[in-house]
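> coords please:
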Amino acid sequence: MLRRSNAPVAKQLARLAPQLSGVQQRIEAARLGQAVPSLGAAYAHALARWAGDPVLRLLGRPFITECYRSPERQDELYERGRSKPGPVVTYKRGGESKHNRLPALALDVAFLLADGEVSWSGLLLSKFARLMKATDARVHWGGDWPGFKDRPHFEV
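Numbers count the residues shown, from 1 in each chain. Sure thing, here's the model as predicted:
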């Protein structure tokens, strides 16, 4: 009996999966370096598991949008939905967030889609959150919080 190789199909699927550019990879590495070691390790492990799953890989590529955030940047975000237009994105003022220290105790994640768009899909983030929490029980996901859901947010 002849067996057909799935190698050409796997190569085609790999090309369809979104990839970070070299610049984006360097930015993500720098952001990952801002995280406390346990959070950075949990992210790296969850990302490897995501990338190793051919179905998840086609859905999008998780990437870190923010890790360390200055108190000034935190205050800017706090003003959204209050004195500045847009939805409320945080309830923490500068100095109150786990993003506001180095190494940071929090990071935010989004997804690069195959068409080049960026997504903060709750479904994708919940799938990634399962991997993060399975990697390290100390990781808390903002999507699990009662009341305000901060789905891009992961912290220790």
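> so Phe111 is in which element?
In this assignment (DSSP states H and E), Phe111 forms part of strand 106-112.
> please name the bridge partners of the residue nearest to the spatial centre of the chain.
Among the residues of the chain, the one closest to the centroid is Val109, at 2.0 Å (C-alpha atoms, centre = their mean). On the basis of DSSP bridges, Val109 is bridged to Ile64.
> quick one, what contacts it?
Val109 sits next to 43, 62-65, 125, 128, 152, 154 when contact means C-beta atoms under 8 Å, 6 or more residues apart in numbering. C-betas here are computed from N, CA, C, even on glycine.
> and what of Glu96?
Glu96 touches Gln74, counting by C-beta under 8 Å, 6+ apart.
> one more: the one 10 residues further on?
With C-beta under 8 Å, 6+ apart as the criterion, the residues that contact Ala106 are 39, 67, 97-99, 153-156.
> same thing but 10 Å
35-36, 39, 66-69, 92, 97-100, 140, 142, 150, 153-156 (C-beta atoms under 10 Å, 6 or more residues apart in numbering).
> Thr135: what's it in contact with?
Contacts of Thr135 by C-beta under 10 Å, 6+ apart are 38, 41-49.
> CSV for those residues, including pLDDT, distance to Ala104 and secondary structure?
Converted to CSV, the contacts of Thr135 look like this (pLDDT from 0 to 100; distance: C-beta to C-beta, whole Å; DSSP: H, G, I helix; E, B strand; the rest coil):
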residue, pLDDT, distance to Ala104, secondary structure
Ser38, 98, 12, helix
Ala41, 98, 14, helix
Ala42, 98, 13, helix
Tyr43, 98, 11, helix
Ala44, 98, 15, helix
His45, 98, 18, helix
Ala46, 98, 17, helix
Leu47, 98, 17, helix
Ala48, 98, 21, helix
Arg49, 98, 22, helix
